[in-house]
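A.B. asks: need coordinates for the following:
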Amino acid sequence: MSFETPPPASRLGNIQALRGIAALLVVFAHLLIIERKYSPDQILGDYMGFGLTGVDLFFVISGFIMVHVAARSKRGVRPVLDFLFARITRIYPLYWLVSAALVAVWFWRPELVFFSVSQAPDMLKSFALYPDTRPPLLVIGWTLIHEMGFYLVFALALLLKPKWLLPFLGLWALMLVGGQYIGLDTAGPVRAILFSPLSYEFLTGALAGWIFHKTKAKFAAATLVLGLLLWAVTLYVLTSAGHTMIESHMGRAIHFALPATLVVYGLAGLQTNMPKWSQTLGDWSYALYLTHILSLSLFGRIWAKFASAEKWDNFPALIIMTIASIAVAGLAYKLAEKPMLGAAKLLRKRLFLSA
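C.D. replies: Just a heads-up that it's a prediction; the model follows:
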């Protein structure tokens, strides 16, 4: 059974907005760290650590979008190469630029870069986003390593007819279960990525994308409400039990894959579009994700010079740092990411779409 005609790209505007929300959640989580590092007092609670669930939301969104891409793609070796080229040119250029800026800081003040890690990263592996036992130079790049792993496996689906997509996803899930059962997810960095439990989040997003195309997004509003309620209940239960964040990858998948998937499916199917500003934030989401730690660290150091022993300055300082980080991301998007994406799109047309 083949895909139904996929919805127009405009139907996915809400998903773009959700990307912005996911990035902002991660910013909130790191604001907690910045406040505790640079302020003598705090107003943010441990619950802010759950902003890192924005990463889980990103993974589910990736699976959902990849099925949308597959629905529109031809099949064969050339489409696979086109798919991988599009993913590589989406991920690497801005990541390289931000990483290069971090290298410059490292040459200037090494302690500002490696203060939170016990070992300096492998630079070549960091820039290549190749799995390693050490985190990459830009620490949040660990999530991009997982993304590239998802893309490499999913690319194989484009060698198959569309009717085989669902069996492919099912086989992938079975291989994950089997691999984890025999310990492949702990047998070295590469296999740890390929058999990571976080792949379940990508797969549930992909399944939601498949159902979305098949059902024309029926029951979207009810699904969205259910997802939000389930997310809220999960956070309440975890915080009540004293958790500040689920560290294990399996724990993250168990707790957040389902609510995130329901939210993505429901929001994608809504007939009402989210506000324009939220979609703009979505456009800036990748730049925000990559730059916010550098931005917050800089602004936090400035704040530390003026921070009061009282709490009165925390709220305005945190708001200003958040807005400033978003502004930096907007500049990075307009001055760097958008032009690079445009150039990559032209090159892609010449390489893969001209024939």
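A.B. asks: what does the helix or strand hosting Phe212 contact?
C.D. replies: Using DSSP states H and E, Phe212 sits in helix 199-215. For helix 199-215, the surrounding residues in contact (C-beta atoms under 8 Å, 6 or more residues apart in numbering) are 3-4, 6-7, 56, 59-68, 71, 146, 149-150, 153-154, 165-166, 169, 172-173, 176, 252-253, 256-258, 260-262, 264-265, 268-269. Any C-beta I mention is one placed from the backbone N, CA and C, and that applies to glycine too.
A.B. asks: if I look at the most centrally placed residue in the chain, how far off is Met321?
C.D. replies: The chain has Phe58 as the residue nearest its centroid, 3.4 Å off, counting by C-alpha atoms, centre = their mean. Taking C-beta to C-beta, to the nearest Å as the measure, Phe58 falls 22 Å from Met321.
A.B. asks: same thing with Leu156?
C.D. replies: Note on Leu156: its distance to Met321, by C-beta to C-beta, is 43 Å.
A.B. asks: of these two, which one has the most company?
C.D. replies: Applying other C-beta atoms under 10 Å to Leu156 and Met321 shows that Met321 carries more neighbours, namely 23 against 11.
A.B. asks: shouldn't the more buried one be in contact with Leu296?
C.D. replies: Yes - in this structure, Met321 is within contact of Leu296 by C-beta atoms under 8 Å, at 5.9 Å.
A.B. asks: common neighbours of those two, please.
C.D. replies: Joint contacts of Met321 and Leu296 (C-beta under 8 Å, 6+ apart) are 31, 34.
A.B. asks: just the pLDDT for the nearest residue to Gly51 once chain neighbours are set aside.
C.D. replies: Excluding the flanking residues, the one nearest Gly51 by C-beta to C-beta, 6 or more residues apart in numbering is Ala29, at 3.2 Å. Model confidence at Ala29, given as pLDDT, is 94.
A.B. asks: make sure Leu97 is actually in contact with Ala336.
C.D. replies: Yes - in this structure, Leu97 is within contact of Ala336 by C-beta under 8 Å, at 5.8 Å.
A.B. asks: and the pLDDT for Phe3?
C.D. replies: Confidence at Phe3, expressed as pLDDT, is 37.
A.B. asks: ugh, wrong one, I meant Lys216
C.D. replies: Here, the pLDDT recorded for Lys216 equals 77.
A.B. asks: tell me how far it lies from Thr244.
C.D. replies: 40 Å.
A.B. asks: more neighbours: the two, which one.
C.D. replies: Between Lys216 and Thr244, counted using other C-beta under 10 Å, Thr244 has the larger neighbour count: 16 against 11.
A.B. asks: how about the more buried one, what does it touch?
C.D. replies: Going by C-beta under 8 Å, 6+ apart, Thr244 touches 46-47, 49-50.
A.B. asks: quick one: it and Gly49, what's the gap?
C.D. replies: Counting by C-beta to C-beta - Thr244 and Gly49 are separated by 4 Å.
A.B. asks: how about residues contacting the helix or strand where Pro339 lies?
C.D. replies: Using DSSP H and E, Pro339 sits in helix 338-348. Residues outside helix 338-348 that contact it (C-beta under 8 Å, 6+ apart): 82, 85-86, 89-90, 93-94.
A.B. asks: roughly how far apart are Met274 and Leu57?
C.D. replies: The gap separating Met274 from Leu57 is 15 Å, by C-beta to C-beta.
A.B. asks: the more surrounded of those two?
C.D. replies: Neighbours per residue (other C-beta under 10 Å) separate Met274 from Leu57, with Leu57 holding more: 25 against 19.
A.B. asks: let me know the pLDDT of the nearest residue to that one once chain neighbours are set aside.
C.D. replies: Leaving out its chain neighbours, the residue that sits closest to Leu57 by C-beta to C-beta, 6+ apart is Ala22, at 4.1 Å. Ala22 carries a pLDDT value of 96.
A.B. asks: check contacts around Ala22.
C.D. replies: 54-55, 57-58, 61, 285 are the contacts of Ala22 under C-beta under 8 Å, 6+ apart.
A.B. asks: which one of the residues you listed sits closest to Thr133?
C.D. replies: Distance to Thr133, by C-beta to C-beta, is smallest for Val55 among the contacts of Ala22, at 20.0 Å.
A.B. asks: can you list the buried residues in the helix or strand harbouring the closest one?
C.D. replies: Here Val55 sits within helix 53-72, counting by DSSP H and E. For helix 53-72, a neighbour-count test (16 or more other C-beta atoms under 10 Å) marks 53-68, 70-71 as buried.
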